[in-house]
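**Student:** sequence plus predicted model, see below.
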Amino acid sequence: MVRDFQAEDLNRIMELWLETNIQAHDFIKKGYWQDHFDEVKEILPKASVYVYEDNGSIKGFIGLMNNYIAGIFISKDNQSRGVGRQLLHHVKGNHNKLSLKVYEKNQRAVNFYLREGFLVTEKQEDRENGEVEYEMVWSKNN
């Protein structure tokens with residue numbers, strides 16, 4: 001079930017954030033994510049966050065800043081089981097347009113967003129780590 005973020009979710013969500021970033025981005029040094037952990041932990045509660053919970057356990061979450069998807073993070077054991085899709089459809093229901101950035105090398109995520117109706121609108125280099133990333137946009141009118 002998808003529900004709103006609650007303050008007591010923060011530690012579990014940050015575990016998911018770190019684990020899934022390291023797993024999905026093996027082309028970026030682990031330290032990059034560890035170095036940003038405290039910053040994200042401080043900013044995250046200010047975003048619109050929705051969690052997917054099953055039997056009292058958080059399996060994933062999505063974070064938004066207005067119409068920008070900061071990320072969808074799903075526990076390793078729950079990937080490819082529709083959790084990310086349910087979270088994405090939850091936010092699509094409340095927005096006419098959404099955008100995000102995803103690393104080109106994270107092909108699994110790129111393919112997921114393409115299947116979900118997102119289009120690549122820009123290709124650029126992330127100045128912090130030198131990796132190529134896509135800006136992708138979804139619109140109800142697509």
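**Tutor:** In hand now; what should we look at? Numbers count the residues shown, from 1 in each chain.
**Student:** break down this structure into its strands, ranges please.
**Tutor:** Counting by DSSP state E, the segments of the chain that form strands are 2-4, 48-54, 57-65, 68-74, 97-103, 119-125, 132-139.
**Student:** quick one, which of the ones you listed is nearest to Lys30?
**Tutor:** strand 97-103 (15.0 Å; Cβ to Cβ). Where you see a C-beta, it was placed from the backbone N, CA and C, and this is true even at glycine.
**Student:** show the pLDDT at Glu128.
**Tutor:** pLDDT recorded at Glu128 is 88.
**Student:** actually Phe61, not the one I wrote
**Tutor:** Reading off the model, Phe61 has pLDDT 96.
**Student:** what is the neighbour count of it?
**Tutor:** 27 (other Cβ atoms under 10 Å).
**Student:** ok, Asp77 next?
**Tutor:** By other Cβ under 10 Å, 7 other residues sit near Asp77.
**Student:** separation between it and Val83?
**Tutor:** Distance, Asp77 to Val83, by Cβ to Cβ, to the nearest Å: 10 Å.
**Student:** what does Met1 give?
**Tutor:** 11 Å.
**Student:** isn't Arg12 up against Ile58?
**Tutor:** Yes - contact criterion Cβ atoms under 8 Å: Arg12 and Ile58 qualify, at 4.9 Å.
**Student:** which one of the two has more residues nearby?
**Tutor:** Ile58 (19 against 16).
**Student:** which other residues reach stretch 102-122?
**Tutor:** For stretch 102-122, contacts defined as Cβ atoms under 8 Å, 6 or more residues apart in numbering pick out 24-25, 27-28, 84-85, 88, 98-100, 123, 126, 131-138, 142.
**Student:** from those residues, which would you call buried?
**Tutor:** 24-25, 28, 84, 88, 98-100, 131, 133-138 (16 or more other Cβ atoms under 10 Å).
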